[in-house]
Structure formats: structure tokens, C-alpha cells
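In: Requesting a structural model of the entry that follows:
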Amino acid sequence: MERIYFDNAATTSLEPRVLEAMMPFFTEKFGNPSSIYSYGRETRMAVEQARKSVAKNLGAKPSEIFFTSGGTESSNTVLHAAVYDLGCKHIISSPIEHHATLHTVEFLAKTAGVELSYVQILPNGHIDIAHLESLLAQNSFKTIVSIMHANNEIGNMIDLDLVGTLCKKYEAYFHSDTVQTVGHFPFNLQQTPVDFITGAGHKFHGPKGVGILYINENIKISPLVHGGAQERNMRAGTENLYGIVGFAKALEIATEEYEAQSVYINSLRKYMHDELLKFIPGVSFNGDSFGSSLYTLLSVNFPKNEKSEMMLFNLDIHHICASGGSACSSGAQQGSHVIAALNKGNDIATIRFSFCKHNTKQEIDKVISTLKELL
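Out: Presented below is the predicted three-dimensional model:
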């Protein structure tokens, strides 16, 4: 039986053109980019080519792009640097951040003695901008604001320009976890008031285990990982050469195909939303689904009963992959901190369906008929 994969916000399949770009670096082009002989020089060139390509597609300068192992490492690097290099004594974040940010700011509050404030969340899942401004206004310490561009569970998006401008007004640094949006939206970082953003290759049909950190050229920080001069002294350790090449290729394809793919994927999401309303009694949705939101994701609440509580498990038996709340801890059935922050009560079972360019309306029809059966 064909598997239906609706968990693209967790990870995506590798695009064949990306694999093709990576292949030579698994085989004949295996030199260490830090070596001085020709084998090393050709791989060094590949890394720098990839950096230029990523910078071009994000509207940044190549010197502002650093390759990492993914979004988690990138966010950790920024937040530790904010405290230990930039002298921040106050972190403002939100209660619905990815754990890569949440756990890091909690750790720093505990171990480095920084003050930690959370911006309030409105009932529709957006952050309360007025509350953010009041936190910044009454603040007397050097501060970093860390708020994600798009939420990985409910899809809500912030306005980077608006939040960045507020941070500038109060002289705070601004870090945004853009893991769900790099590769899905156009960026022009030279025109955006943000100091740090992050990206992960596997969210847009690139390889796993590679990401980026953008650091605005006016900011100097120390590495999180020590031991070598790689990545212009910003990250020790031999470069993940094939990952870096794959990341750049995936971003190039995603940027070229953005117009067509975003319209198509959004049409799938709208179709599923409408079909659920038509056929499944009592469904509701989280976040600002068709307002300021990711076009790749739909967070759906089903009335809670013994059938809906077992739904993920039953969908899996029918070869349908989706996730409850967030996939990063999908093995553990403790409820989602994001859904909890929306105060919807305990009488709902939430499932996140997330789509990509390979999905079809036929797959949605199958999921809807399976849900009708199960419920």
C-alpha cells in the first residue's frame, strides 16, 4: 500500500537534483577543504560556491553565512553568544518557540543568571506586539529578542520587519528561528532589520544534518564549538561538504520554484481545510490559518474521545504519516507546549498535517475517507 506522507514540517524527502549535486563529493571529490593541495582546493571552492549561492538567494553577503549542523546548533550558537559575547543580560522570547530556542533560553536563565521574559500569545496564536514593546520599553539591560518567524506547529508567522524595527528602536538584538521559512519564502536580508536567522536543509528537500546561521556583518561573536579555524573561525570541525553542497542546491531550486510551488501547496492546504469542514463534525483549526501563516501546514483539532486520542496511531496503521503537535518529540506523548499556550482546554485531539510539492488532492481524499472511517 502506498504511504501518504503529510509530515513535511518535520522533514522532507531529498530532491533527486540535490542528490545528484552531492554525489561527486561522496566519491571522487573527497578532499578535506582545509588542505592546501588540489584535492582540498576543489572542495574548498565547492564550499565557497555554496556560500555565495545561499547568500544570493537570501539577499545576504557571503561573509554573513555560516554552515552548521542545523537549526538547533545555529540557535544555540546565537543565544550563547548573546550572553557571553554581546553582554545581554535579558532575553525576551515566546512560550511557543521550538525547543531548540526554549530549552536554550531556560538553560541560560538558570546557568548564566540572565533575566528571561516571555511575550504573551493572543488567542489566534500570534504574539502580542504591544506586550513585546512594553517589555522592551521597561527594560534597562542589554537584550536579545528571540522569536520564530513561523511556528512549526500552528504555522503562525510574525512580521520580521515590524519586530526587527521595534528591536532597533529599543537597541535590542533580534534573532529569528526561520527554520520553517528559509526555502519556503523569499528573503532579502540586506533589507530586513534582523541580526541572526537560522535554516535547516531538510525542511525544503535538502539533506539532513546541515543548516545555516546568518550573522549580520556588523556583529562579531565567538564560536560555540572550538578546535579549528573552519567556517572563518566560527565553527570548528571538518565541514560537512556534501551537506553544504546539498543545502545550497536545495535552496536554489526552492527559490526558483517558489512562485509555482507555494500556490500549489497552499491550494492543497485549502482543499484539505474545506474537506475537513465538510465531512468531519466538530473540527476546528489552530492559529491564523489563512491569515499570516505558513502555506505548508494545517493544525487540526478533533473533538477528544477514545477514537480521536488513538488517531495518529490509527492513521499510521493506514500508512498515513502526520504528527500530533510537533514531530521533534512525537515519540513522547506529552502534550504540545504550543497547543497548551493557546488555552484551548483539554477536550481536543490535535493533529498537524503538513504538505509539500509531491502531495496530491487524491492523497487528501484518501486521508479524509480514512478519518471518516476512524471517527
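In: Show me where the protein has its helices.
Out: For the chain, applying DSSP state H gives helices covering 16-26, 38-58, 71-84, 99-111, 129-137, 160-169, 230-233, 241-256, 258-279, 306-309, 311-317, 337-341, 361-374.
In: Which one, of these, ends up nearest to Asp347?
Out: Using C-beta to C-beta as the criterion, the shortest distance between Asp347 and those is 10.1 Å, found for helix 306-309. Placement of C-beta: from N, CA and C, glycine included.
In: distance between that closest one and the chain's centre?
Out: Relative to the mean C-alpha coordinate of its chain, helix 306-309 is positioned 29 Å out (C-alpha atoms, centre = their mean, to the nearest Å).
In: Let me see the contact set for the residue of the chain most remote from its centre.
Out: Relative to the centre of the chain, and counting by C-alpha atoms, centre = their mean, the farthest-placed residue is Tyr37 at 37.5 Å. Tyr37 makes contact with Gly31, according to C-beta atoms under 8 Å, 6 or more residues apart in numbering.
In: and the helix-or-strand element of the chain with minimal mean pLDDT, which residues are buried?
Out: Within the chain, no helix or strand scores below helix 306-309, which has a mean of 86 by mean pLDDT, DSSP states H and E. Along helix 306-309, the positions that meet the burial threshold by neighbour count (16 or more other C-beta atoms under 10 Å) are Ser308.
In: Pull the contacting residues for Gly201.
Out: Applying C-beta under 8 Å, 6+ apart to Gly201 gives the contacts 70, 183, 207-211, 243, 246-247, 250-251.
In: got those as JSON lines, with neighbour count, distance to Met310 and pLDDT columns?
Out: Converted to JSON lines, the contacts of Gly201 look like this (neighbours: other C-beta atoms under 10 Å; distance: C-beta to C-beta, whole Å; pLDDT from 0 to 100):
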{"residue": "Gly70", "neighbour count": "24", "distance to Met310": "32", "pLDDT": "98"}
{"residue": "Gly183", "neighbour count": "26", "distance to Met310": "34", "pLDDT": "98"}
{"residue": "Pro207", "neighbour count": "22", "distance to Met310": "34", "pLDDT": "98"}
{"residue": "Lys208", "neighbour count": "16", "distance to Met310": "29", "pLDDT": "98"}
{"residue": "Gly209", "neighbour count": "17", "distance to Met310": "33", "pLDDT": "98"}
{"residue": "Val210", "neighbour count": "26", "distance to Met310": "36", "pLDDT": "98"}
{"residue": "Gly211", "neighbour count": "27", "distance to Met310": "35", "pLDDT": "98"}
{"residue": "Gly243", "neighbour count": "24", "distance to Met310": "37", "pLDDT": "98"}
{"residue": "Gly246", "neighbour count": "29", "distance to Met310": "37", "pLDDT": "98"}
{"residue": "Phe247", "neighbour count": "32", "distance to Met310": "38", "pLDDT": "99"}
{"residue": "Ala250", "neighbour count": "27", "distance to Met310": "36", "pLDDT": "98"}
{"residue": "Leu251", "neighbour count": "25", "distance to Met310": "39", "pLDDT": "98"}
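In: From the residues you listed, pick the one nearest Leu122.
Out: Gly183 (27.4 Å).
In: how deep is Phe290 tucked in, by neighbour count?
Out: With neighbours defined by other C-beta atoms under 10 Å, the count for Phe290 comes to 12.
In: isn't it right next to Lys270, touching?
Out: Yes: applying C-beta atoms under 8 Å, one finds Phe290 in contact with Lys270, separated by 7.4 Å.
In: shaky segments in the chain?
Out: By pLDDT under 70, the weakly predicted segments of the chain are 325-334.
In: Which parts of it belong to which domain?
Out: Domain segmentation of the chain under automatic domain parsing yields 4-12+258-374, 16-256.
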